[in-house]
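[1] missing the sequence, but the structure's below:
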């Protein structure tokens, strides 16, 4: 009875047509009867009691309770906003995407981890290498193999051949204490192999896209290593040809973007790039300079070009832009001076591991700066406006005795 009252109250702010569309199919007529006010009914309580008694007698009470709860949830959460990083935050992003595909109303502000998966799905080698490396590092290769059916056996075979006598101590997996198992030993070697491949591929992108000005991040050539080769075409075809992955990325493209203005709220992942004084930072993208909203708009347009552009050069630039968004200091989804992956793996000096944040993060409490950001995106800070910011780091440590 209490659930019926909550459902009635939740439905009261919507039109009858909208409520009908939200009703669970199996109990639509019954619930509508129970939550709709009827004028002229003399013995309303007896009528409702008889409906409830019948549901209990025929053994449908538990399913009816579930249906009521789902209705309440749908009415209370009329529209869902996701401010980024569906991917790389646990072992089941593909399951989350499957659920979101069926959600009645949703929008997504892409996170940097979502964009790197989008780049991988578009066939950008730097993004593919980063995706596999992160999954390997956290023991989540099942996402790629089982979740999306992408065959990593050629990579595993290559890794075991190249590093069979290498303990790969720099590439210990995060969150696991079982280094002795055969599977773990293989994962360590995959982790190292894909990391080296990533650094090689990224060096090629830096050489190709000189306008990104990332020459200082081409580091692999500065160390000595024994050469080995692997054909990466199979990996590219596997990511591009994965039907389920492509379906999930099409959903991100259809429902998502780099920012959204909704009900006087500005939603985005990461940060709006600022200079040290709190002004919008001017950033060069393929020879032209942008800042603020225009920067977001041009980067989003290149993401879409990476999937849909007919011109091969534009499409290639779009793919490379997704890699740029993943790790560039001027990317609104990254917002640090470097991604210190290389340093963390190979350099013992902790000071080289530090990633300095964009001034945005030090100016979040500066009212003038925040007001200017809102104005830039068309909001009036004098009204009841908010910034809803994703990319907020959360550390959860569990102490086990």
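    Now that the structure is in, tell me what you want to look at. Here the structure is a predicted model, which means the values were calculated and not measured.
[2] pretty sure residue 117 sits against residue 87.
    Yes: counting by Cβ atoms under 8 Å, residue 117 does reach residue 87; the two are 4.7 Å apart. Every residue, glycine included, has its C-beta placed from N, CA and C.
[3] comparing these two, which residue is more hemmed in?
    residue 117 (30 against 25; other Cβ atoms under 10 Å).
[4] tell me which element the more buried one is part of?
    Assessed by DSSP states H and E, residue 117 sits inside helix 112-121.
[5] packing partners for that helix?
    In terms of contacts (3 or more Cβ pairs under 8 Å, 6 or more residues apart in numbering; DSSP states H and E), helix 112-121 is packed against helix 125-137, helix 233-240, helix 243-255, helix 292-308, helix 312-327.
[6] deepest of those, which one?
    Sort the helices and strands packed on helix 112-121 by mean neighbour count, taking mean count of other Cβ atoms under 10 Å, and helix 125-137 sits at the top with a mean of 25.
[7] so what touches that helix?
    Contact partners of helix 125-137, identified using Cβ atoms under 8 Å, 6 or more residues apart in numbering, comprise 88, 113, 116-120, 140-141, 143-144, 152, 155, 171, 173-174, 187, 190-191, 194-195, 197-198, 201-202, 204-205, 232, 235-236, 239, 319-320, 322-323, 326, 341.
[8] show me how far that helix is from its chain's centre.
    14 Å (Cα atoms, centre = their mean, to the nearest Å).
[9] which residues touch residue 356?
    Contact partners of residue 356, counting by Cβ under 8 Å, 6+ apart, are 336-337.
[10] let's go with 6 Å and repeat that
    Taking Cβ atoms under 6 Å, 6 or more residues apart in numbering, we find residue 356 in contact with residue 337.
[11] for it, give me phi and psi.
    Residue 356 adopts backbone torsions of phi -80, psi 130, taken as degrees, to the nearest 10.
[12] what's the lengthiest helix in the chain packed up against?
    When the chain is parsed with DSSP state H, its longest helix is helix 182-208. If contacts are counted by 3 or more Cβ pairs under 6 Å, 6 or more residues apart in numbering; DSSP states H and E, helix 182-208 sits against helix 125-137, helix 153-162.
[13] can you tell me the centre-most residue of the protein?
    Nearest to the mean C-alpha position of the chain, by Cα atoms, centre = their mean, lies residue 85 at 2.7 Å.
[14] where's it, which helix or strand?
    Using DSSP H and E, residue 85 falls outside every helix and strand.
[15] roughly how far does it sit from residue 31?
    Distance, residue 85 to residue 31, by Cβ to Cβ, to the nearest Å: 36 Å.
[16] same question, residue 128
    Per Cβ to Cβ, residue 128 is found 48 Å from residue 31.
[17] can you check residue 62 too?
    15 Å.
[18] over to residue 380?
    Residue 380 is 41 Å from residue 31, by Cβ to Cβ.
[19] quick one, which of the two is more surrounded?
    Using other Cβ under 10 Å, the more surrounded residue of residue 380 and residue 31 is residue 31, with 24 against 11.
[20] who are the contact partners of that one?
    Residue 31 touches residue 23, counting by Cβ under 6 Å, 6+ apart.
[21] helix or strand for it, which one?
    Using DSSP H and E, residue 31 falls in helix 28-35.
[22] quick check, residue 49 in a helix?
    Yes: the assignment for residue 49 is a helix, going by DSSP: H, G, I helix; E, B strand; the rest coil.
[23] all set now, cheers.
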